[in-house]
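Student: quick one, structure for this:
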Amino acid sequence: MFGRHLQSKESRKILQFIKEIHLELPIKTLITDNGREFNNKSLDKFCTDNRIERQFSVPYYHQSNGRIEGANKTIRGGIKHAKKPIKSILAKIISGYNGTCHWGIGMTPNEAMKTSNRVEIPKHQDKYAEEFKRKKKNLVKCIKQEITFF
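Tutor: Numbers count the residues shown, from 1 in each chain. The predicted model follows:
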């Protein structure tokens, strides 16, 4: 996860930040909402020039952005818990998030950024998807059993 505290959502500031990220870790796909700061000619040109695929999330349907919403929840929780100005703690929250093992990828995001580990991520994602399906089936069974008892 990358993040920075910005005073405003001006498109030029957003574009500058995305350029900095792209230098550190080349972006293949950029998924954003349809806000003006993301849906503009400057960002379109940058993405076209750098062969970055653009995708826009579905408005008012947060489930389509599960990972992003989860990350946002982590950031909001960290800020609320710390009770300090955002600017002073945002980097620590992001560092903690990136240094924590994530079940869905089987490693930390910092480890996942290493080229040598990228082959492993799909394996963990498949395993995670299977485990999730099994747990969901078991949860449905448990719910049905509880309903029968009432």
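Student: list the contacts for the residue nearest to residue 40 when sequence neighbours are not counted?
Tutor: In this structure, residue 40 finds its nearest non-sequential neighbour in residue 11, 5.0 Å apart by Cβ to Cβ, 6 or more residues apart in numbering. Backbone N, C-alpha and C define where each C-beta goes, glycine included. If you count contacts by Cβ atoms under 8 Å, 6 or more residues apart in numbering, residue 11 has them with 36, 37, 38, 40, 42, 43.
Student: kindly recompute the last result at 7 Å.
Tutor: 36, 37, 40, 42, 43 (Cβ atoms under 7 Å, 6 or more residues apart in numbering).
Student: can you check residue 52 too?
Tutor: Contacts here follow Cβ under 7 Å, 6+ apart; on that basis residue 52 touches 27, 28, 29, 30.
Student: wait, a helix at residue 88?
Tutor: Yes: per DSSP: H, G, I helix; E, B strand; the rest coil, residue 88 lies within a helix segment.
Student: distance of it relative to residue 78?
Tutor: 12 Å (Cβ to Cβ, to the nearest Å).
Student: which of these two has more neighbours?
Tutor: Neighbours per residue (other Cβ atoms under 10 Å) separate residue 88 from residue 78, with residue 78 holding more: 18 against 10.
Student: that'll do, ta.
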